[in-house]
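A.B. asks: below is the sequence, then the predicted model.
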Amino acid sequence: MKSPNTSPIYSPLELSSGIQVKNRLVKAAMEENMATDNQLPSTELMRLYSTWAQGGVGMIITGNVMVDHLAMTGPGGVALEAETDLTAFRTWAQAAKHGDTKVVMQINHPGRQVFKNLGGKAISPSDIAMDMGKHSHMFPKPTPMSEDDIQDVINRFAITAQRAQQAGFDGVEIHAAHGYLLSQFLSPLTNKRNDRWGGSIENRARILVETVKLIKANVDEHFIVSVKLNSADFQRGGFDIDDAEQVLEMLAPYNLDFIEVSGGSYEAPAMQGRSADERTLAREAYFLSFASQLAAKASMPIMVTGGVKRLAIAEQALAENIQLIGMATALAMTPQLPNKWQKQPDYVSPLPVVNWNDKTLSGAATMAIVKQQLKRLGQGKKPNLYPSALCCLVKDQLNKAKLTKRYRKQYQQELS
């Protein structure tokens, strides 16, 4: 183990936009459900991000910020649109910049991954319903998108990126992973179109490429533009590593600042360490082998996220040509982890593990534990490192029900 002060993890990285990130550790996106009733950043959310910035990360990527308030990944989420008041967003960006930390807004559209009880727009490239086994009823069958729908989504991504820049964020990350809308276009399992938006990988990637092009045309050159991309869907016949390599090649001309490599979807939550196609994922840094394969051919820096909890593993990733190391759950449980590693390089952050028979409920319980810690941090409290999974799940479900009721009441006319 290298001494912590000379670890390459703490070396700066200059991105193609000219922005320098002070170290290689990145707070990756997590779902927070902590917005106000107008989908604006709350005081608790600002305190949470200030805590992470003070913990020593070089860059923070926000949880999902939706490009359409009628298409939310969950209740209590943040949305940023053309007419949104930027006051709270400016305060949020400032809170995350402590100690020269850079802050990047993750921007997203859920497509078909919209909960039925929330209402709103459930759209997708094709009318392929979610297959969640006995939990499939939680999601509506999506409406196939028209040409106008596709152009509207592309425009919305560009508007949200432009407004993020106006609010003082250092950049945006376009979410094209985890089974959300752009990922639905990329996957042959969910994209059955026979027009210019479907079929070949070039056509399936068209909406992502057009989104990148329009965003780059509408923001300053010194503004980070990045993409979160699945290495694979982890479902038989889905988007795979060969597709990912071709997408990286298609994105190469646009001088992106970095690509974050992840994987999976609601149907196959590989981002929680579980696959649906019988591939075995390593317990720690479970996308590292995929990210290393992509990094060997990529023209832009690659960031890997998923399961990192030790400095030695983060250093191993850098040795395999990965430039940025994303951490999510580890920073929910140990928000000061980058600073802690400076003095205690052997420290291992605890991560919650829920191994119930029902994999969907296990995943929901794991997320509930994480969200409970985020809520505690937002209230100025310390994380509870050993919470009850069942208690966290019950609390999370009750909170979601309350937030869902609030959301539906507020947008009753628009949702009907």
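C.D. replies: Thanks, I have the structure now.
A.B. asks: which of the three states applies to Val26?
C.D. replies: strand (DSSP: H, G, I helix; E, B strand; the rest coil).
A.B. asks: so who does the nearest residue to Gln162 once chain neighbours are set aside touch?
C.D. replies: Nearest residue to Gln162, sequence neighbours excluded (Cβ to Cβ, 6 or more residues apart in numbering): Asn218, at 4.9 Å. Where you see a C-beta, it was placed from the backbone N, CA and C, and this is true even at glycine. Listed by Cβ atoms under 8 Å, 6 or more residues apart in numbering, the contact set of Asn218 reads Ala158, Ala161, Gln162.
A.B. asks: number of nearby residues for the first one?
C.D. replies: Taking other Cβ atoms under 10 Å as the criterion, the count of residues near Ala158 is 23.
A.B. asks: tell me which element it falls in.
C.D. replies: Here Ala158 is covered by helix 147-166, with elements defined by DSSP states H and E.
A.B. asks: which other helices and strands does that helix contact?
C.D. replies: Counting contacts by 3 or more Cβ pairs under 8 Å, 6 or more residues apart in numbering; DSSP states H and E, helix 147-166 packs against strand 102-108, strand 171-176, helix 206-218.
A.B. asks: buried ones in that helix, by neighbour count?
C.D. replies: Neighbour counts over helix 147-166 (16 or more other Cβ atoms under 10 Å) mark 150, 153-154, 156-165 as buried.
A.B. asks: farthest pair in these?
C.D. replies: The most widely separated members of the buried residues of helix 147-166, counting by Cβ to Cβ, are Ile150 and Gln165 (23.8 Å).
A.B. asks: what's the closest of the contacts of Asn218 to Pro345?
C.D. replies: Scanning those for proximity to Pro345, where the rule is Cβ to Cβ, the winner is Ala161, at 37.2 Å.
A.B. asks: spit out the contact partners of that closest one.
C.D. replies: Counting by Cβ under 8 Å, 6+ apart, Ala161 touches Met105, Ile107, Val172, Ile215, Asn218, Val219, Val225.
A.B. asks: a markdown table for those, including distance to Gln316?
C.D. replies: Formatted as a markdown table, the contacts of Ala161 follow (distance: Cβ to Cβ, whole Å):
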| residue | distance to Gln316 |
| --- | --- |
| Met105 | 29 |
| Ile107 | 31 |
| Val172 | 29 |
| Ile215 | 33 |
| Asn218 | 38 |
| Val219 | 34 |
| Val225 | 28 |
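A.B. asks: what subset of these is buried?
C.D. replies: Buried members of these, scored by 16+ other Cβ under 10 Å, are Met105, Ile107, Val172, Ile215, Val219, Val225.
A.B. asks: tell me where the stretch 301-416 of the chain has strands.
C.D. replies: Using DSSP state E, counting those that start in this stretch, the strands of the stretch 301-416 of the chain run over 302-305, 324-327.
A.B. asks: can I get the last one in PDB, CA atoms only?
C.D. replies: When you say that, I think you mean strand 324-327. The C-alpha coordinates for strand 324-327 follow below in PDB (Å, rounded to 0.1, in the frame of the first residue of the first chain):
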ATOM      1  CA  LEU A 324     -12.200   8.300 -12.200                       C
ATOM      2  CA  ILE A 325     -13.500   6.100  -9.400                       C
ATOM      3  CA  GLY A 326     -17.200   6.500  -8.500                       C
ATOM      4  CA  MET A 327     -18.500   5.600  -5.100                       C
END
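A.B. asks: direction included, what does it pair up with?
C.D. replies: Paired neighbours of strand 324-327 in the sheet (DSSP bridges): strand 25-27 (parallel), strand 302-305 (parallel).
A.B. asks: contacts for it?
C.D. replies: With contact meaning Cβ under 8 Å, 6+ apart, strand 324-327 is reached by 9, 13, 21, 24-28, 57, 59, 61, 258, 260, 301-306, 308-309, 314, 317-318, 337.
A.B. asks: weed out the non-buried ones from those residues.
C.D. replies: 9, 13, 21, 24-28, 57, 59, 61, 258, 260, 301-306, 308-309, 314, 317-318, 337.
A.B. asks: least reliable of the strands of the stretch 301-416 of the chain going by mean pLDDT?
C.D. replies: Among the strands of the stretch 301-416 of the chain, strand 302-305 carries the lowest mean pLDDT, a mean of 92.
A.B. asks: which residues touch it?
C.D. replies: Against strand 302-305 from outside (Cβ under 8 Å, 6+ apart): 26, 28, 226, 258-262, 271, 285, 287-288, 291, 294-295, 317, 321-328.
A.B. asks: and that strand, C-alpha only, in CSV?
C.D. replies: Only the C-alpha atoms of strand 302-305 are listed here, as CSV (Å, rounded to 0.1, in the frame of the first residue of the first chain):
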residue,chain,number,x,y,z
ILE,A,302,-13.5,6.2,-18.2
MET,A,303,-15.1,6.3,-14.7
VAL,A,304,-16.2,3.1,-13.0
THR,A,305,-18.8,2.9,-10.3
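A.B. asks: how far away is the closest residue to Thr143 other than its chain neighbours from Gln113?
C.D. replies: Nearest in space to Thr143, with sequence neighbours left out and distances taken as Cβ to Cβ, 6+ apart, is Ile123 at 5.3 Å. Separation of Ile123 from Gln113 (Cβ to Cβ, to the nearest Å) stands at 11 Å.
A.B. asks: on contacts alone, who are the packing partners of the helix or strand hosting Ser289?
C.D. replies: If you go by DSSP H and E, Ser289 is part of helix 288-295. Contacts defined by 3+ Cβ pairs under 8 Å, 6+ apart place helix 288-295 against helix 241-251, strand 258-262, strand 302-305, helix 311-319.
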